[in-house]
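[1] The following comprises the amino acid sequence and a computationally predicted model.
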Amino acid sequence: MRFLKGHGTENDFVLLPDHDGALGSPSPDLVRALCDRHAGLGADGVIRVVRTTATDDPAAVAAREEAEWFMDYRNSDGSLSEMCGNGVRVLGRYLVTRAGASYDEPLAVATRGGTKLLRFEDGPDGPVTVDMGAPVVGGSTWVALGERRWEARTVSMGNPHAVAFLDAGETLDGLSAPGLPLSPPAYDEGAYPQGVNVELVVDRGESHVALRVHERGSGETRSCGTGACAVMVAAAVRDGRAPGDAPAYAVDVPGGRLEITWVRDADGERVLMTGPAVLVAEGNWLATR
Ligand SMILES: N[C@@H](CCC[C@H](N)C(=O)O)C(=O)O
């Protein structure tokens, strides 16, 4: 089975090219084996790249008129998610550099969270801007790590996020023992029966924030594109800004930086995220699972 490995701000993925659907949906066992960092390739998630006409996933079927390609995304524990903001840039990089898609016009990619438009800023190898669509800003909730509990803001980017701003004096490094990942945060399970991605945020300056993220289905990762968008929106709301009058925010993640804007124009309200996408390897998966 052919695979590629890539990352966006070090949120890493195994890509399975399955253009005509011959491979079919990877089983949860196969996804866990591919993502295993000791016995497999190691990744935060798996992306099957399939034409919308070659899968019966309802989201792909519904998008056939507007998108040739579907991002079939799974977390490293084998669970499905609606959207992956870093993953869709990496998938776009694959399509324009390895699968003949055009990079001089917007590229539509269908996801379970709606069709996303990708723009390639400086040719096929430059930064990628994704139109992430309109966020849904929800109410107040809470998240906790051990004894520490924060108020948080619910934001949906197609997938669910709970965004908490740390208090003055608290640091991202202080959230775990040195060198260790975040423990799974507690959250309101009644509010998020399917689980939630949790972002913990500090300010770095004017329109500049930094985060650590604990992803549903993958644990702590080095970046989360939808999470960075949710954080930007929550920060803009906190800062008294509305779509269309918010500046671009720099969102630092452990694996790099994403630039995010919340715009409102003739095409409506939406979040634009710009960041890198890198393919690092290609090969054949030999294990039987
Ligand atoms: N890392 C992704 C988000 C992947 C899905 C998430 N874990 C979920 O279950 O919703 C991103 O870059 O957005």
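    Perfect, thanks for sending it.

[2] ok, now which ones touch the nearest residue to residue 232 once chain neighbours are set aside?
    What sits nearest to residue 232 in space, not counting adjacent residues and going by CB to CB, 6 or more residues apart in numbering, is residue 260, at 4.0 Å. For glycine as for every other residue, the C-beta is placed from the backbone atoms N, C-alpha and C. Applying CB atoms under 8 Å, 6 or more residues apart in numbering to residue 260 gives the contacts 228-229, 232, 248-249, 251, 271-274.

[3] Show me how far the strand or helix carrying residue 93 is from its chain's centre.
    If you go by DSSP states H and E, residue 93 is part of helix 85-98. Relative to its chain's centre, helix 85-98 lies at 12 Å (CA atoms, centre = their mean, to the nearest Å).

[4] Tell me if that helix is near the ligand.
    Yes: interface with the ligand: helix 85-98 contributes 85-87 (CB under 6 Å from any ligand atom).

[5] Which of the residues you listed has the largest number of neighbours?
    Neighbour count (other CB atoms under 10 Å) singles out residue 86 as the most crowded of these, with 35 neighbours.

[6] what bridges to the closest residue to that one other than its chain neighbours?
    Distance criterion CB to CB, 6+ apart; nearest residue to residue 86, sequence neighbours excluded, is residue 8 at 3.3 Å. Residue 8 has the following beta-bridge partners by DSSP bridges: residue 11.

[7] Residue 8 contacts residue 94, correct?
    No: using CB atoms under 8 Å, residue 8 is not in contact with residue 94, being 11.6 Å away.

[8] Residue 26 - how many residues pack around it?
    If you count neighbours by other CB under 10 Å, residue 26 ends up with 22.

[9] What does it show for phi and psi?
    Here is the backbone geometry of residue 26 (degrees, to the nearest 10): phi -70, psi 140.

[10] What residues does it make contact with?
    By CB under 8 Å, 6+ apart, residue 26 lies in contact with 16, 34, 46, 48, 74.

[11] mind checking how far the residue nearest to residue 86 is from the ligand?
    7 Å (CB to the nearest ligand atom, to the nearest Å).

[12] Please apply the same query to residue 235.
    17 Å.

[13] What residues does the closest residue to that residue other than its chain neighbours make contact with?
    The shortest distance from residue 235 to any non-neighbouring residue, by CB to CB, 6+ apart, is to residue 209 (5.3 Å). For residue 209, the contact set (CB under 8 Å, 6+ apart) comprises 201-203, 231-232, 235, 249-252.

[14] how about 10 Å then?
    163, 165, 199, 201-203, 228, 231-232, 234-235, 238, 249-252, 260 (CB atoms under 10 Å, 6 or more residues apart in numbering).

[15] Please type out the ChimeraX selection for whichever of these turn out to be buried.
    The buried residues among these can be selected in ChimeraX (16 or more other CB atoms under 10 Å) with this line:
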select :163,165,199,201,202,228,231,232,234,235,249,250,251,252,260
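
[16] So which of the contacts of residue 209 sit within helices?
    Secondary structure defined by DSSP state H assigns 228, 231-232, 234-235, 238 of the contacts of residue 209 to helices.

[17] Just name the closest of the residues you listed to the ligand, please.
    residue 228 (7.7 Å; CB to the nearest ligand atom).

[18] And the next helix or strand past the helix holding residue 93?
    strand 107-111.

[19] Output the contacting helices and strands for that following strand.
    Packing contacts for strand 107-111, counted by 3 or more CB pairs under 10 Å, 6 or more residues apart in numbering; DSSP states H and E, involve strand 45-51, helix 58-62, strand 69-75, helix 85-98, strand 114-120, strand 128-131.

[20] Rebuild these as JSON lines, extending it with mean pLDDT.
    Putting these into JSON lines (pLDDT from 0 to 100) gives the following:
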{"stretch": "strand 45-51", "mean pLDDT": "98"}
{"stretch": "helix 58-62", "mean pLDDT": "98"}
{"stretch": "strand 69-75", "mean pLDDT": "98"}
{"stretch": "helix 85-98", "mean pLDDT": "98"}
{"stretch": "strand 114-120", "mean pLDDT": "98"}
{"stretch": "strand 128-131", "mean pLDDT": "98"}
